[in-house]
Every structure is written in structure tokens, then in C-alpha cells.
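In: model this:
(chains A and B)
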Amino acid sequence: MEKTYQPEQIETRWYERWEADNRFAPTGRGKPFSIMIPPPNVTGSLHMGHAFQDTIMDTLTRWKRMQGNNTLWQVGTDHAGIATQMLVERKIAAEEGKTRHDLGRDAFIDKVWEWKEESGGHITRQLRRMGASVDWSRERFTMDEGFYKAVQEVFVRLHEEKLIYRGKRLVNWDPTLHTAISDLEVENREQQGSFWHFRYPLADGVKTADGKDYVVVATTRPETLLGDTGVAVNPEDGRYASLVGKFIELPLVGRRIPIVADEHADMEKGSGCVKITPAHDFNDYEVGKRHNHLLINVFTKDATILERAEIFDLKGQPQPDEDTTLPTKYAGLDRFEARKQIVADMDALGLLEQEESVNNTLPYGDRSGDVIEPLLTDQWFVAVETLAKPAIEAVANGSIQFVPRNYENMYFAWMRDLQDWCISRQLWWGHRIPAWYDVEGNVYVARSEEEARENHGLGADVALTQDEDVLDTWFSSGLWTFGTLGWPEQTPELETFHPSSVLVTGFDIIFFWVARMIMMTLKFTGEVPFKTVYVHGLVRDGQGQKMSKSKGNVLDPIDLIDGISLEALLEKRTGNMMQPQKAKAIAKATRDEFKDGIEAHGTDALRFTFLSQATTGRDIKFDMNRLDGYRNFCNKLWNASRYVLMNAEGEDCGTGGEEVELSLADRWIISQLQKTEAQITRAMDEYRFDHASQALYEFVWNEYCDWYLELSKPVLWDVHATLEAKRGTRRTLVRVLEAILRLAHPMMPYISEEIWQRVSPLAGTYMGEGASIMHQAWPEADESKIDEQATRDIEWLKGVIIAVRNIRAEMNIAPGKPLDVLLTKGQPEDAERLESNRRFLAKLAKLESATWLANPDDAPLSATQLVGDMEVLVPMADLIDKDAELARLAKEIEKQDKLIGGIEKKLGNDGFIAKAPVAVVEKERSKLAEFQAAKQLLEEQQAKIAAL
RNA sequence: AGGACCAUAGCUCAGUUGGUUAGAGCGCCACGUUGACAUCGUGGAGGUCGGCGGUUCAAAUCCGCCUGGUCCUACCA
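Out: Numbering: from 1, shown residues only, chains lettered A, B, ... in the order given. Predicted coordinates:
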């Protein structure tokens, strides 16, 4: 073995081997366990959030596989409609100077497929680097033929049940991308804006109660004035009661619009009057509905002003008889230009009462960066109310459990307040809506054009055209768990692996994906999509900032694995930026944080870091220092294994079941191993990967390496040790290490496999050529091997060793100088303990001799330490530093005093004695006795030294 | 504005049903090249558990208020 751990030499090799040996596929034996990967964007690349999530899924999968489950981790990618389309549009613009419209729909779609073929492997290659044990033979893509079938089927069936309908409604419109987008794709950003207070003149000579011939309304979007259909006042508002039913003469437009009473108007806000623009505001739409207003749309799809308004009733029917006149001067103006112009014109008319500066939050499209406009368009919707009921029930009755539990509240909160879901997108890349129109605009929903004709008796002479729009990506990903298993066919996979066992996902998409999956899956399979939802936090940078390309703080997991030079990192972060002006600041921040670039750490260390940070919190501040630490941990494990192999290979390890003699250390480490196995299994059961990783770390480093390996040396290097003793120690060394490797494997697959291949033959668990740790049994704790006596004895031994080391450090005695040590007082068994552990003591504490002193009064002048109530004495007649020792003792006594004081206070409290459980009181009393005894011994020692 | 979550060592985080001498890793200080490992070893320093109040014999832990932070919803007249 190499002297240090070199991950790059083993990782890729092992992954290729596992994949070639088809180790990832379900075995077909055991209880089914399945995880469906949350599909990443096919043309995207792996970010830290993916890497984190994939680590958790792989750890679960490998663990369940080792436990003998029939395990499927199914992988796949998402077509990510808008993101992918934009990417390809930008690419053809750059390379060919063309738009998608220049190419036409079919040619453009071909381009997207080409790009998918070219770049689609990127993210799956990265997944492989992370060690993901996914069944590649079952890889799925949301645009696959089979999956598209499922999508169509769902659409058609929902439509048949009238749970999908088409309507003219307000949606979040992205004027740059020309499509509706979901709430998820809207980012609310706060900023400085203006609030314009306008005077709206009353028609017909009407006056307000205080004699004015106008009312004041305020708006942040003056351009929507053109589409106003009324002014609302609160029904309780005495100031305006007389105006209800009267009219306004809408400035600039001249339209007569009514004043209505509606509780949407808040008496406290502004003047208490609010303008109503049902076609351009979600709240106003509701108000308009209550008062039967028309919808007056004044925007084009580019959010410029129309020449003539488009007027519809609330059912979306055009109203050809209405007056659509708009002022000609605004026609064609961009909404923000129109805003300026309208403000200026109102001002010129003396109707601008005030311009107020306010902070307000505006919706932005997260892809385009454009301000989202509520716009009236024809869209397809899912009526979610009936779907939501069983979905709420499934979580309420425990069929689906969230981990951590508190996310269930978030789920319920959202589910209780559902809006119908707009599923159509004005894109080209995606699942085209299975609906056809004839020339009259009648719509036929079917699985194909043929079926549409058949079902509706339409002859070949009737021209049909398919809906131009595609479905929201979340619509198809809502079908992910069952659509990928072959539904609507009743496949064996569907039978075996659905419902899936666990969904691993971030809390940010609970609403958009998790909730919709639950609704759709219950509806179409009658089953929940998954039994458990493990919700993790968001990976942030070391400062707690969200990682984003525009902030220039993203880390590529692969760079943490392989390392990257500062230059390459700078290029990655500042090259090809959307906002080049930020490059300088980003470069500086990057130089400050990574002045020498990033070292290679290997996949296992990265995975272990993620797991150790997988706590129940919502933010995961990625910690480079911990990454370093866990790389070191890998090295520790590596070197411990080197030691074991050096001492075991070619030696008698008792593989054949030969007689052995187990030392105290052997019995102790075996006992500790059982506890660790139980601990790790429990932590995994509870999804506490931080606890699991810590338990492993602790056992490997602080018990196996720090103590057991050291304790094995006196046996192995002792020429007088019996054959059985040496065999016993070697057997324990290799068996415990072999178990460690199996425990580590789900978390650190590569290093555990690499070492296991060498260790397992020695441990007698080798299954022959071609065996892999991947399919070995998960270690089960054996209670009968827990040896509390051994634990106590080792604790005693450690106590003595630490006491001597402590004296050395405090007294400035060279670490290598052999010492003569005396033990005295203590318990009757302590003398025996000394006898049976002399060789361990001698080696680990570097003693010349260790002697039991029957009569404490015979003790020479010494530096002392307490181990329980036993004294460890290092005679120091010649070299004692009186002051140092007195100072040390004083400190110790002070510490004891503090403890004693605390307990005395407790015991002095009558209420405590009367009300606390007896066991608690007893415990305090025995602690008090212990501390007092210790203090007494220290004081005796202090007196002795002081008398010098 | 409403709601949720969070606040523990210099940093990143654990801390079960209230009873622990409040822990870990990293960092820091001192010492150390014995044959697994300097990606290491040994020893050590460092916390009034955000603040105030309450419940209790007992609070890091339960409750209330305050401060600070994050997120969601809403407002965006």
C-alpha cells in the first residue's frame, strides 16, 4: 500500500469495475427498497446541492443493499423545458446568429435533441464520480417515448374527469420569454419604487362627502390605468358610502367606470379608494369577478401597450360590442415607457396628487430577469382541489412521513391554500399538449390525432391542428415515481418498486414537486409515491450565502474531489459571465478564499463531509475545513489498514477457526465495535447521517487507532507472547477492521472497497475472486459480545496512561524518558489490574517499571494524578518543580471545590431531596463523596509538597 | 403585516423523554522525527448555551416577551 491515501488512483477504477459487474441492479432477492432520483436537468451540471443529495441517496441505497434488500436506485434526467430551451436558443444565436423562429419548430427541436445528446452525459458522468450506485440500465429521461405516454395518459384522463380545463385567466407572464411561468420560477425582489397618487374625476357632477369632485387612488403601476374597470371602496367606509353606484370618468381614456363597494378596499390604506384592473392584477381579478366586471387587457405579449384593448367577459369570451378604444399615443410603448408617459400626462392634467417613494417587492422571472406581468392568456389548468384532499390525508394519516417532521406543517399550510395549477407553457421544448383544434376552435383532447378523430367522428376532411403549447415540466415530473416504472402498463417493476421507499429532496420544492407528486400518484396509482420524504437543507457557501453563478461563489463538487488551480477556478467563476462588471469583486473574493486553489480531497472525503453536515437544519454552510479533516480521516483509515496488513498478511490470523486467546484489549475493542454498529444502524434508521458519520469517525480514530492499535503492539511485538495470544490479536485486528470497512462502505464506498479487498481474505469473509464489499452483509451488533468488565478495565488502563502522560507534560519530562511509577490506594482490584496490564502500561506510558504500593505512607515525594480514588505517583525527588506542582494541585483542588459547591447547593435544597427521584438524589450523593475524596487526596499531596 | 425556523467554544456543528463535570471536528498554545499515519502523536487553553422574565426541587432543553438572522406567504392601493 502507498504510504498516504491517494483517492484518484482508486476511485474511477472501482466505479468502472462495479458498473461492469452490474453491481447496481436490483438483486431480485429480499424486501424491495427503492429511491427515485429527483431528476436533474439533462443539460445541466452537478452542483453542490445535487452532490449532497446524491450522497445521501447513495448512502441509503448502499446501506439497504448490504442489509439484503432488493434495492433499486433509479436514475434519470429532466428535460427542464424553459432552461434547456433558453440555453439552446442562446447557443444558436451565438453560433449561427439565428433565432428559434428562423429555424422553425421542428428544426429547433432537432437542435435541442442534438444538444441533449452532446451534453446530456455530463451530469451522469459527474454522478458516477460521486460513486452513485444507480441502476444505469433503467436510466430514464422525461422526454422518453414511454414517459411521454404516461404524461399523455394522465392529461387525457384528467381532462375526461374535467380536472383539466382550458381557460382565459391571469397567469405569471414572462414578457421576455413569452410564456407563462410557475410561482416557483418567480423570484420576489424588494426595491425602491414609486407610488403615484392620482385624482380620478367623478362623473355626472357627483361630489364626495367633503365636496371634492374626484377621488384619489394610488398605484405603483400607472400604465394599468388604461385597463381600469372600476374603483372600489370599503362597504364600511362612511366617507364614500354615497359614491357607491356612481361613476368615474377614467382620465386619458374617457371610459365610464363604476364605484363599487368591496372589502378588498382597505380603509386604512391611502385614501381608502382603490382602482380595479381585473385583467392586470390577481386581486383585482377577484374583485372584478365579484362585481361582474369585464376584463380589459391593454398589453401585448411583449408587455407593450395595445392599439386597441382586448375585452372579455369573465368566462373569457370576447366582447365585440364593447368600446376598445385606447389613447393612440401609448400604442406600442413598452410598459415602463408608458408608465412615465402616463404619469407625465396625468401631471399635466393636474391629476397627479403626489409621488411617494416606497419599498416594494416585484416579481421577477428567475430565468429572464424580467419583471413578471399578470397577463390574461389562454392556458390549461389543473383543478387541484379534489386531488389535494387525498394528498393531505396521506400525510395526515402517516402513509407518508416527512423527516424531519416539522416540514409536514409547511406541506399542510400550502395544501390548504391551493390555486388551480397552470400547466401550459408557451415553449417548444417539452411535452406537447395532446389537444387538437378544428377551424372553429373546438378542442379535442386525445392520446393522438387519430384517436381524436375516432372519438369525435371527425373525417379526414376536417383539418385539425395540435395545440402549440407544451406542459409545465413539473407536470411531467409529478409522474416521476410511477411513470418511470412503466405506467400505464402494469409492469413487474411497478409492482415491485412502487411505492418508492424514500424521497430525498430539498425543502424548497416541497410545494412544487413533492405535493404534486403526491396528488398525481395517488390519483393514478392509488398508492403514495413514497413512504418517507427526507427533507434536507440547502448547501450554502462558507459564509452562509446561497451559491449562485451570478454571485460567483459556486463550487463544483468535482473540483473538490480532483482539486483545481486558482487560475482555473478564477476562469470558471469569472469567465462567460452574465454580469461582467462583477468579475473583479468575484476574482478578489476567490483569491482571498482559495489563494492556492483547492487541493484534491477525493470523493469519499467529500461524501463524508456532506453526511457529517446532514443535520436537521435548513442551511448547510459548506465547511472546507471539515473537508480537509475528513480527507485526513481517510488517510487515517488507510494507514491503520497498512499497519494491520503489515502485521497480518502472511501471518497466522486464525482464519481457519484455530484456538485463540483474547487479550483485554481484544475483548474491549470487540465490545466497542458492537456498540458502534448499533449506534450507526440506529442513526441511519433515523436519517441522522451526521450521527452515523460521527460514530464511525469516533470509533475508528479515537478507539481503534488511538488505543486498540497501540494496545496490539505489546502483544504482537512480545517475543514471549503465546501463539494463541498473537493469533487472537491478529484475528481481532483484521476482523474489527473488516467490520469497520463494511460500516464505512455506504458513506465511503471507494476506500472501503479498496482496503476490503486486501483485508477480507485475512478476516475469513472473502467470497472469492470478483467479490465486492457492496454485497457484503451490513454488520449487526451482537449483544453477547458487549463486555462491560473489559470496558471498565480499559477505562482504568487509559486513566493510568493519561495520568502519566499528564504528569510528563506538566512536569516537563521528556516524552521518551522511561519512568518508574507507583500506584496506590484505590480499590482492591486495582492491584490485580496492574499485574495483568503491566505490559500495556509499560509500552503506552513508556515506563521503566510500575509497582503497587501497599502502604500509601511509604510513598516517596512524587507528582501525582488521580484515577478514580487510586493515586498514580511519579517519584520526582531529584527533579521536582515545587511551584509548578503546587500550582497544578491548586488548580485541581479549585476544580473539585467548584463541583462540590454545586452539589452541596443541590443537596441543601429541601425541595430537591423531597421531590427529585431517589435515583437522582443518590447519584448526586455519590458524586459528592467522590469529589470530596478526590479533594482530600489532592490536599494531602499539596501539604506534602508544600512541606518541602 | 402574518407565519415558520434558527441563535451553544474563534469557525462549522451535535446535545434523546428537563437531572451531563455542556461535547466533536477544525483553528489556537506548548511539546514531540520510537518501525501505520506530520493528511501524525501527546498535553493544554477556550463556553454566564443571544437577552430578560416565568414554570419547576432542577432549564441549553418547557412557556412568554425582546433582540438578531434566515425563509415562506402577503402587500406591491
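In: now for the residue of the stretch 101-250 of chain A found nearest RNA strand B, how many residues are close by?
Out: Here the stretch 101-250 of chain A gets closest to RNA strand B at one residue, A:Thr220, 2.1 Å apart by Cβ to the nearest atom of the strand. From N, CA and C alone the C-beta is placed, and that goes for glycine too. Per other Cβ atoms under 10 Å, the neighbour tally for A:Thr220 reads 14.
In: so what's it up against?
Out: Contacts for A:Thr220 were tallied using Cβ atoms under 8 Å, 6 or more residues apart in numbering; they are A:Gly193, A:Ser194, A:Phe195, A:Trp196, A:Val358, A:Asn360.
In: what helix or strand is A:Gln932 located in?
Out: Per DSSP states H and E: A:Gln932 is located in helix A:918-946.
In: among the contacts of A:Thr220, which one has the most neighbours?
Out: A:Trp196 (21 neighbours).
In: shouldn't that residue be in contact with A:Val217?
Out: No - with contacts counted by Cβ atoms under 8 Å, A:Trp196 stays clear of A:Val217, the gap being 9.3 Å.
In: describe which strands whichever strand in chain A runs longest pairs with in its sheet and in which direction.
Out: Identified as the longest strand of chain A according to DSSP state E is strand A:186-201. Note on strand A:186-201: by DSSP bridges, its sheet partners are strand A:214-219 (antiparallel), strand A:352-365 (antiparallel).
In: comparing these, which comes out most buried?
Out: Highest mean neighbour count of the strands paired with strand A:186-201: strand A:214-219, a mean of 21 (counted as mean count of other Cβ atoms under 10 Å).
In: quick one: mean pLDDT over that one.
Out: Here strand A:214-219 scores 87 as its mean pLDDT.
In: how about stretch A:385-405?
Out: On average, stretch A:385-405 scores 87.
In: in that stretch, which residues are buried?
Out: A:Leu387, A:Ala388, A:Ala391, A:Ile392, A:Ala394, A:Val395, A:Ser399, A:Ile400, A:Phe402, A:Val403 (16 or more other Cβ atoms under 10 Å).
In: mind pulling up the pLDDT for A:Tyr766?
Out: So, for A:Tyr766, pLDDT stands at 65.
In: show me the shaky parts of chain A.
Out: Counting by pLDDT under 70, chain A shows low-confidence ranges at A:578, A:766, A:877-880.
In: distance from the chain centre to the longest strand of chain A, please.
Out: 36 Å (Cα atoms, centre = their mean, to the nearest Å).
In: can you name the residues in contact with it?
Out: Outside strand A:186-201, the residues touching it (Cβ under 8 Å, 6+ apart) are A:172, A:213-220, A:222, A:225, A:231, A:248-251, A:270-271, A:273, A:275, A:343, A:346, A:350-366, A:372.
In: buried residues in that strand?
Out: Neighbour-count burial for strand A:186-201 flags A:Val186, A:Trp196, A:His197, A:Phe198, A:Arg199, A:Tyr200, A:Pro201 (criterion: 16+ other Cβ under 10 Å).
In: what of stretch A:366-377?
Out: A:Arg367, A:Ser368, A:Val371, A:Ile372, A:Glu373, A:Pro374, A:Leu375, A:Leu376, A:Thr377.
In: next one: stretch A:939-948
Out: Those would be A:Gln941, A:Gln942, A:Ile945, for stretch A:939-948 by 16+ other Cβ under 10 Å.
In: what of stretch A:597-612?
Out: Buried, per 16+ other Cβ under 10 Å, within stretch A:597-612: A:598, A:601-612.
In: for the buried residues of strand A:186-201, which one is nearest A:Met1?
Out: A:Val186 (54.8 Å; Cβ to Cβ).
In: first-to-last residue distance for stretch A:202-216?
Out: 10 Å (Cα to Cα, to the nearest Å).
In: is it positioned near RNA strand B?
Out: No - residues of stretch A:202-216 are not located near RNA strand B by Cβ under 7 Å from any atom of the strand, the shortest gap being 10.2 Å.
In: run through who's touching that stretch.
Out: A:197-201, A:231, A:233, A:238-243, A:246-249, A:256, A:259, A:270-271, A:273, A:351, A:353.
In: give me that answer again for 10 Å
Out: A:197-201, A:231, A:233, A:238-243, A:245-251, A:256-259, A:270-275, A:351, A:353-354 (Cβ atoms under 10 Å, 6 or more residues apart in numbering).
In: only the buried subset of the residues you listed, as a ChimeraX command please.
Out: This is the ChimeraX syntax for the buried subset of those, where burial follows 16+ other Cβ under 10 Å:
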select /A:197,198,199,200,201,231,233,239,240,243,246,247,248,250,251,257,258,259,270,271,272,273,274,275,351,353
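In: out of the contacts of stretch A:202-216, which are inside strands?
Out: Short answer: the contacts of stretch A:202-216 in strands (DSSP E) are A:197-201, A:231, A:233, A:247-249, A:256-259, A:273-275, A:353-354.
In: of these, which are in range of RNA strand B?
Out: Contacts with RNA strand B are made by A:Val274, A:Lys275 out of the ones in strands among the contacts of stretch A:202-216, judged by Cβ under 7 Å from any atom of the strand.
In: make CSV out of the strands paired with strand A:186-201 and add distance to A:Glu698.
Out: Converted to CSV, the strands paired with strand A:186-201 look like this (distance: least, Cβ to Cβ, whole Å):
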stretch, distance to A:Glu698
strand A:214-219, 62
strand A:352-365, 47
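In: still on that earlier bit, closest to RNA strand B out of the buried residues of stretch A:597-612?
Out: Closest approach between these and RNA strand B, by Cβ to the nearest atom of the strand: A:Ser612, at 7.2 Å.
In: surely that closest one and A:Ala683 touch.
Out: No - contact status for A:Ser612 versus A:Ala683: not in contact, 11.5 Å apart, counting by Cβ atoms under 10 Å.
In: residues shared between the contacts of these two?
Out: A:Phe689, A:Asp690, A:His691, A:Ala692, A:Ser693, A:Gln694, A:Leu696.
In: host element of the fourth one?
Out: Using DSSP H and E, the element containing A:Ala692 is helix A:689-697.
In: with only the CA atoms kept, save that helix in PDB.
Out: Provided in PDB are the C-alpha atoms of helix A:689-697 (Å, rounded to 0.1, in the frame of the first residue of the first chain):
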ATOM      1  CA  PHE A 689     -26.300  10.800   8.800                       C
ATOM      2  CA  ASP A 690     -24.300  13.300  10.900                       C
ATOM      3  CA  HIS A 691     -24.600  11.000  13.900                       C
ATOM      4  CA  ALA A 692     -23.700   7.900  11.800                       C
ATOM      5  CA  SER A 693     -20.600   9.500  10.300                       C
ATOM      6  CA  GLN A 694     -19.600  10.800  13.700                       C
ATOM      7  CA  ALA A 695     -20.000   7.500  15.400                       C
ATOM      8  CA  LEU A 696     -17.800   5.900  12.700                       C
ATOM      9  CA  TYR A 697     -15.200   8.600  12.900                       C
END
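In: grab the nearest non-local neighbour of A:Leu170.
Out: A:Pro374 (4.7 Å; Cβ to Cβ, 6 or more residues apart in numbering).
In: in three-state terms, label that neighbour for me.
Out: Using DSSP: H, G, I helix; E, B strand; the rest coil, the secondary structure recorded for A:Pro374 is strand.
In: just so I have it, where are all the helices in the stretch 701-850 of chain A?
Out: A:710-716, A:723-744, A:749-763, A:788-811, A:828-845 (DSSP state H, counting those that start in this stretch).
In: dump the last one to CSV, keeping only the CA atoms.
Out: Same thing as helix A:828-845. Extracted in CSV, the C-alpha atoms of helix A:828-845 (Å, rounded to 0.1, in the frame of the first residue of the first chain):
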residue,chain,number,x,y,z
PRO,A,828,-8.8,-4.0,45.8
GLU,A,829,-9.0,-5.0,42.2
ASP,A,830,-6.6,-2.2,41.1
ALA,A,831,-3.6,-4.2,42.2
GLU,A,832,-4.7,-7.1,40.0
ARG,A,833,-5.3,-4.7,37.2
LEU,A,834,-1.8,-3.5,37.4
GLU,A,835,-0.5,-7.1,37.3
SER,A,836,-2.5,-8.1,34.3
ASN,A,837,-1.8,-4.9,32.3
ARG,A,838,1.8,-4.2,33.1
ARG,A,839,3.0,-4.8,29.6
PHE,A,840,0.3,-2.4,28.1
LEU,A,841,1.2,0.2,30.7
ALA,A,842,4.9,-0.1,30.1
LYS,A,843,4.5,0.3,26.4
LEU,A,844,1.9,3.1,26.2
ALA,A,845,3.1,5.2,29.1
